[in-house]
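Peer 1: here's my sequence, what's the structure:
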Amino acid sequence: MLATANSYFEKFERFAVSWSIIVMASVSIINVIGRNVFQHSFTWAEEVTQFAIVWVTFIGISYAARLGVHIRMTALFDFLPKKGRKILMIIIASGTAALMFFLAWYGLQYTLNLYAIQRRTLGLRIPLYLIIMWVPIGFVSAGLQYVQTLFMNIASKDVYISPTHIDEEEDDVSMQFEL
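Peer 2: As a prediction, this is how the structure comes out:
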């Protein structure tokens, strides 16, 4: 049941991130054309673009953690033996999960505050909490991905950089720099 839910959430993340990028590009292009050709800028364009940026950023955090494509500083990690990599990955996954849950807590507090004061966007008059609620959702989802990575590293002999991706050891560092 958890695997099915995880699969659906992955599809949702992929859909939300890709369509948010398409919406950002489309709205920006339409607004530039409107401003330069028709001398009319759409008041809603900036807000829609900002909303899409929030969705891409905070849903994208979880998606990147799920696939192991987040930014990683691997200078130390790459030079460690397999056992050292595993220990470091356990530390990284547990620390990052804790940070994601900590940030989710503050994101939730902020979202609830926006709900309580009934703040709305200036142009479209959308309740702002409906947009900002994706901040704690994204952090919790990313935290869960790191918890899964932690458990995969504890339970397996391999070194997992995400719940589904095993670290591929490369003995020849020069291969990483080929064009």
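Peer 1: and the spatially most central residue of the chain, what is it in contact with?
Peer 2: Central residue of the chain (CA atoms, centre = their mean): Ile61, 1.1 Å from the mean position. Counting by CB atoms under 8 Å, 6 or more residues apart in numbering, Ile61 makes contact with 70, 100, 138-139, 141-142. All C-beta atoms are positioned from the backbone trio N, CA, C, and that covers glycine.
Peer 1: of all the residues you listed, which comes closest to Thr49?
Peer 2: In terms of CB to CB, no member of the contacts of Ile61 lies closer to Thr49 than Gly138, at 18.0 Å.
Peer 1: what about that closest one, how many neighbours?
Peer 2: 27 (other CB atoms under 10 Å).
Peer 1: which secondary structure element of this structure has the lowest mean pLDDT?
Peer 2: Sorting the helices and strands of the chain by mean pLDDT, DSSP states H and E puts helix 75-79 at the bottom, at a mean of 82.
Peer 1: hmm, back to that, tell me the pLDDT at the residue nearest to the centre of the chain?
Peer 2: Ile61 is assigned 93 on the pLDDT scale.
Peer 1: which element is it on?
Peer 2: Element membership of Ile61, judged by DSSP states H and E, is helix 45-67.
Peer 1: please point out which parts of that helix sit buried.
Peer 2: By 16 or more other CB atoms under 10 Å, the buried positions in helix 45-67 come out as 45, 47-49, 51-52, 54-56, 58-67.
Peer 1: can I assume Thr43 is in contact with Gly123?
Peer 2: Yes - counting by CB atoms under 8 Å, Thr43 touches Gly123, with 4.8 Å between them.
Peer 1: with that, I have no additional questions.
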